[in-house]
Structure formats: C-alpha cells, structure tokens
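Participant: please work out how this folds:
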Amino acid sequence: MATGIGSVAGPLRQGAGGPAAFDVAKIRADFPILTERVHGQPLVYLDSANTSQKPEVVLKAMDDYYRHANANIHRATHLLSERATALYEGGRGKAAAFLNAPDPRTIVLTKGTTDGINLVAQSYGRSTLKPGDEILLSWLEHHSNIVPWQMVAEQTGAVIKVIPINEAGELDLEAYGALLSARPKIVAVGHVSNALGTINPIKTMIAQAHAAGAVVLVDGAQAAPHLVIDVQALDCDFYVLSSHKMFGPTGTGVLYGRAALLEAMPPYQGGGDMIASVTFEKTQYNQVPYKFEAGTPNMAGVVGLGAAIDYLAGLDRDAALAHEDAVLDYLTAQVRQLPGARLVGEARHKTGVLSFVLEGVHPHDAGTILDQQGVAVRTGQHCAQPVMDRFCIPATIRASLGIYNTREDIDALIRGLHKVRELFV
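Facilitator: As a prediction, this is how the structure comes out:
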C-alpha cells in the first residue's frame with residue numbers, strides 16, 4: 001500500500017530481512033508510555049499523526065540538559081552557556097543531516113511546522129507578492145498550510161488557487177499542470193496528507209512548479225517520521241517539519257530554506273539574538289539563520305529533537321517503513337471487513353494513516369467508546385476541514401501508525417469497533 005515513492009532518490013528498499021528484520025518488541029521497549037494503562041486497559045496508541053510518543057533516549061537527553069547544561073545560548077562565556085550553545089547548534093547540525101541540507105546555516109529552528117510556514121508566508125510571501133499574484137495550495141492541506149497563506153493574500157492582494165483531489169484522495173495532477181500555466185508565485189503543498197496518508201509525488205511537482213517560475217514550500221510534518229527526506233534531491237525551496245511528529249518534543253521544529261532566499265528575506269520577528277547591533281537610529285540584523293530566531297529559544301526542545309534524529313538514524317529506515325506498511329495493510333484489510341465501515345481516501349501511495357467512517361455512528365462517539373477500551377485514535381476533521389468537505393462528511397475516525405504499532409494493536413482496535421457497533425447500530 002505505501003510506499004516506495006517515499007524516497008526522493010528512488011524506491012525505498014526493504015531491509016535485508018524485509019519486515020521480519022524489524023524488531024518491534026525492542027522498539028516498543030524504548031517508549032515508556034506504551035506500558036501505561038488507560039481506564040484499566042493496556043494503552044493502544046493509534047494517534048501518532050497527531051503527536052508521536054517519545055523514546056527514553058529523548059526524555060533522558062532533555063533531562064540531562066536541564067541537569068547539566070541549563071543556560072541561555074550565544075550570550076555568555078560561562079561553561080553552562082557553552083554547553084547549551086554546543087547542544088543547540090548540534091541539534092541544528094543534526095537537522096541539516098536529517099534533511100541532507102547543504103549547510104547548517106540553511107536550517108532555521110522554529111516552534112514547529114506551523115511556525116515555519118508562518119515565517120515563510122510573512123517574510124518571503126509578504127515581501128514579494130503583489131496584487132493578483134497567485135498562491136497555489138491543494139485540497140489535502142492541513143489548516144496550517146492554508147490559513148497563513150490566506151492571511152498573506154489579504155495583506156498583499158494575492159489570490160489563492162487550489163489543486164483538486166480525486167475520489168481516492170490523490171491530487172489531480174492534470175489540473176495541477178493547468179493551474180501552473182497561470183504561473184503562480186508560490187506553491188505550498190504537503191508531502192504526506194495528515195488526514196488521509198496520501199504521499200504526493202512531490203519531486204515531480206516541484207520540478208513542474210519551478211518550470212513555471214514558482215517557489216515551492218513543502219509541509220513535511222507527516223513525512224518526517226516515515227520517509228527518507230533529501231531536500232537537495234527534491235530541489236525544494238522551503239521544507240518544514242515538527243519535532244513532535246518524529247518522536248521528539250513539542251514546541252520545536254525545523255525550516256529548511258534555500259540559502260539565497262533566506263539571505264534576501266527580512267526578519268520575521270524582532271528581539272534578542274536576531275540582531276548584530278542595536279541603536280535607536282538603526283538596527284543591524286544578525287546573519288542567517290539567526291536573524292529568524294528572535295528571543296530565547298526552546299533549547300531543551302532542540303536537544304530533544306537532536307536525540308530523536310539520532311534515534312531515527314539508528315534504525316534501519318527501510319525495515320521500519322516496511323513494518324509500518326505491513327501494519328497499515330493489515331489495518332486496512334481488517335477495517336474493510338467491518339460491517340458498515342467505509343474508508344475515506346484510498347490513494348495508491350500512502351503511509352501511516354487510515355481514515356474511515358462507521359455507518360450510523362458519529363466519529364466522536366466511536367472515539368469515546370474506543371478510549372474506554374484503551375484505544376487512542378483521533379476523531380474529527382484533523383485540522384483538514386476542506387478534505388472533509390470534499391468527501392461530504394463531518395469527520396472521520398483516524399487510526400495513525402508509528403514504528404511501535406503491531407497487529408495486536410489493530411486487533412484491539414477492531415474489537416473496540418465491534419463494541420461501538422453493538423452500542424450504536
């Protein structure tokens with residue numbers, strides 16, 4: 001089901017032993033929260049697209065920071081500040097390696113995907129867009145990749161156009177080509193849909209957008225925990241992601257930007273650390289990337305992000321993806337057999353997510369009953385209301401996977417869904 005187009009350099013290969021080479025029991029032991037009990041039941045966590053759980057090494061790295069290196073960065077000459085600065089800049093370097101960015105200076109550390117998109121919209125978009133210029137989005141986008149562009153469109157007089165999707169939840173690439181003929185200035189599109197799990201053919205889309213003269217931002221929040229990302233091979237202009245989707249802490253994220261664009265962009269916010277010098281007559285801004293990092297940052301969060309990247313780097317990513325795909329295939333097959341269930345979004349290439357509805361049952365009611373069985377899923381619009389509108393439904397039940405999920409988790413979900421049907425149908 002998922003899959004192979006996830007790697008920007010070509011199909012992701014399975015590990016030498018295929019899915020069996022991935023030791024999911026060992027992985028689960030790395031995540032302390034998976035031993036929790038919920039309403040007296042063992043926790044079955046199927047909400048990783050919302051936020052992923054954190055391995056022990058991430059928790060320890062953040063605890064060690066506060067115990068041994070807690071100080072502000074770039075501002076002092078004492079030992080704790082030197083330790084904190086080294087850890088913070090080390091996190092930037094790890095983020096650059098994770099994305100195969102050409103230089104750590106092309107990495108801006110943010111509060112998350114939403115913050116990164118707002119930064120690009122207000123700094124690049126607001127300073128370059130003119131009345132009538134077009135911004136191209138898609139029907140699959142998370143609200144965080146819609147609302148910031150609506151705001152900058154109102155500020156500049158730009159116009160938003162939208163790439164439609166088909167019944168399978170895939171982008172209409174023929175319509176995309178037609179929309180590019182109007183030569184939009186900006187294309188902002190998700191790598192993987194948070195609501196449906198659709199993997200977009202992002203490398204091809206970027207090449208087409210560049211041929212039309214557009215600058216491209218990719219929302220990689222849902223891609224980062226599943227797929228290998230190479231911003232140089234993708235040739236994107238901006239790529240954003242969130243730490244908490246990829247086993248790191250909340251409140252931290254990454255914006256990769258093409259160096260020439262970052263250099264030309266004005267600061268997004270003013271304050272400490274984004275300056276070189278300040279007088280009442282004029283302020284000189286700091287160099288990239290620091291001119292976009294105003295104020296005291298989330299140092300512990302960046303340390304946690306770095307530990308999460310190290311954790312992912314220590315995995316066989318091909319085997320991990322093969323394992324996730326096998327669990328997703330099993331989940332899809334089991335839900336298909338459930339009376340009254342209808343899948344929403346059946347893209348040929350997808351990862352990590354299954355959205356569905358149950359006839360006669362509101363998703364919120366299903367989520368409440370599942371919670372009583374110890375099963376955590378997301379119910380609602382998933383911050384993707386246009387997707388729900390496209391399929392003429394108010395909400396879905398969304399089961400989303402992490403590397404720690406198993407067939408036994410899926411069996412528990414299915415037992416819970418049978419209980420839901422007993423109560424409501």
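
Participant: list the buried residues of stretch 62-74.
Facilitator: Within stretch 62-74, the residues that count as buried by 16 or more other CB atoms under 10 Å are 62, 65, 69, 71-74. All C-beta spots, glycine's among them, are computed from the backbone N, C-alpha and C.

Participant: end to end on it, go ahead and measure it.
Facilitator: Length of stretch 62-74, first residue to last, CA to CA, to the nearest Å: 19 Å.

Participant: so who does residue 274 touch?
Facilitator: Residues near residue 274 by CB atoms under 8 Å, 6 or more residues apart in numbering: 267, 285-286, 290-294.

Participant: with those in mind, which one is nearest to residue 345?
Facilitator: Nearest to residue 345, judged by CB to CB, of the contacts of residue 274 is residue 292 at 34.7 Å.

Participant: leaving out chain neighbours, which residue sits closest to that closest one?
Facilitator: Nearest in space to residue 292, with sequence neighbours left out and distances taken as CB to CB, 6 or more residues apart in numbering, is residue 108 at 4.6 Å.

Participant: ok so, going back, show me which pair in the contacts of residue 274 is furthest apart.
Facilitator: Every pair of those checked by CB to CB; the farthest is 285 and 293, at 11.3 Å.

Participant: higher neighbour count, these two?
Facilitator: Using other CB atoms under 10 Å, the more surrounded residue of residue 285 and residue 293 is residue 293, with 24 against 16.

Participant: now do the contacts for that one.
Facilitator: Residue 293 makes contacts with 108-109, 273-274, as judged by CB under 8 Å, 6+ apart.

Participant: wait, residue 273 sits on residue 290?
Facilitator: Yes: using CB atoms under 8 Å, residue 273 is in contact with residue 290, at 6.1 Å.

Participant: what do these two both touch?
Facilitator: Residues touching both residue 273 and residue 290 by CB under 8 Å, 6+ apart: residue 74.

Participant: just for the protein, where's the confidence low?
Facilitator: Scanning the chain with the threshold set as pLDDT under 70 gives 1-21.

Participant: hang on, the earlier thing: which of the contacts of residue 293 sits closest to residue 302?
Facilitator: residue 109 (5.8 Å).

Participant: restrict the helix or strand containing that closest one to CA atoms and write it as PDB.
Facilitator: Using DSSP states H and E, the element containing residue 109 is strand 107-110. As requested, the backbone C-alpha atoms of strand 107-110 are provided in PDB (Å, rounded to 0.1, in the frame of the first residue of the first chain):
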ATOM      1  CA  ILE A 107      18.300  25.400   8.900                       C
ATOM      2  CA  VAL A 108      16.100  27.700  10.900                       C
ATOM      3  CA  LEU A 109      15.000  26.300  14.300                       C
ATOM      4  CA  THR A 110      11.300  27.100  14.900                       C
END
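
Participant: tell me what it is packed against?
Facilitator: helix 79-99, helix 113-120, strand 253-257 (3 or more CB pairs under 8 Å, 6 or more residues apart in numbering; DSSP states H and E).

Participant: name the residues of it that are buried.
Facilitator: 107-110.

Participant: and if you look at stretch 283-300?
Facilitator: 285-286, 288-294, 297-300.

Participant: follow-up on the earlier one: ok, the residue nearest to residue 292 touching residue 258?
Facilitator: No: using CB under 8 Å, residue 108 is not in contact with residue 258; the gap is 11.8 Å.

Participant: which pair in the buried residues of stretch 283-300 spans the largest distance?
Facilitator: The span of the buried residues of stretch 283-300, defined through CB to CB, is set by 285 and 300 at 26.3 Å.

Participant: number of nearby residues for residue 131?
Facilitator: Neighbour tally, residue 131, other CB under 10 Å: 9.

Participant: out of the contacts of residue 293, who's nearest residue 246?
Facilitator: Distances from residue 246 to the contacts of residue 293, taken as CB to CB, are shortest for residue 109 (14.4 Å).

Participant: how does this structure divide up, domain by domain?
Facilitator: Domain assignment for the chain by automatic domain parsing gives 4-46+316-424, 58-313.

Participant: which residues sit in contact with residue 122?
Facilitator: Residue 122 makes contacts with 148, 151-152, 268, as judged by CB under 8 Å, 6+ apart.

Participant: what's the closest non-adjacent residue to residue 256?
Facilitator: Per CB to CB, 6+ apart, closest to residue 256 is residue 239, 4.4 Å.

Participant: are we agreed that the one you found is in a helix?
Facilitator: No: using DSSP: H, G, I helix; E, B strand; the rest coil, the secondary structure at residue 239 is strand, not a helix.

Participant: quick check: it touching residue 258?
Facilitator: No: applying CB under 8 Å as the test, residue 239 and residue 258 come out as separate, 9.8 Å apart.

Participant: more neighbours, these two?
Facilitator: Comparing residue 239 with residue 258 by neighbour count (other CB under 10 Å), the higher total belongs to residue 239, at 28 against 19.

Participant: what residue of the protein is the furthest out?
Facilitator: For the chain, the residue at maximal distance from the C-alpha centroid (CA atoms, centre = their mean) is residue 281, at 41.2 Å.

Participant: secondary structure class for that one?
Facilitator: Going by three-state DSSP: residue 281 is coil.

Participant: what values do phi and psi take at it?
Facilitator: Residue 281 adopts backbone torsions of phi -90, psi -40, taken as degrees, to the nearest 10.

Participant: kindly list the main-chain dihedrals of residue 163?
Facilitator: Main-chain dihedrals, residue 163, degrees, to the nearest 10: phi -80, psi 120.

Participant: next: the one 3 residues further on.
Facilitator: Here the main-chain torsion angles of residue 166 (degrees, to the nearest 10) amount to phi -90, psi -180.

Participant: hang on, isn't it packed against residue 174?
Facilitator: No: checked against CB under 8 Å, the pair residue 166 and residue 174 is beyond contact range at 10.2 Å.

Participant: next up, the contacts around residue 346.
Facilitator: With the criterion set at CB under 8 Å, 6+ apart, residue 346 makes contact with 168-169.
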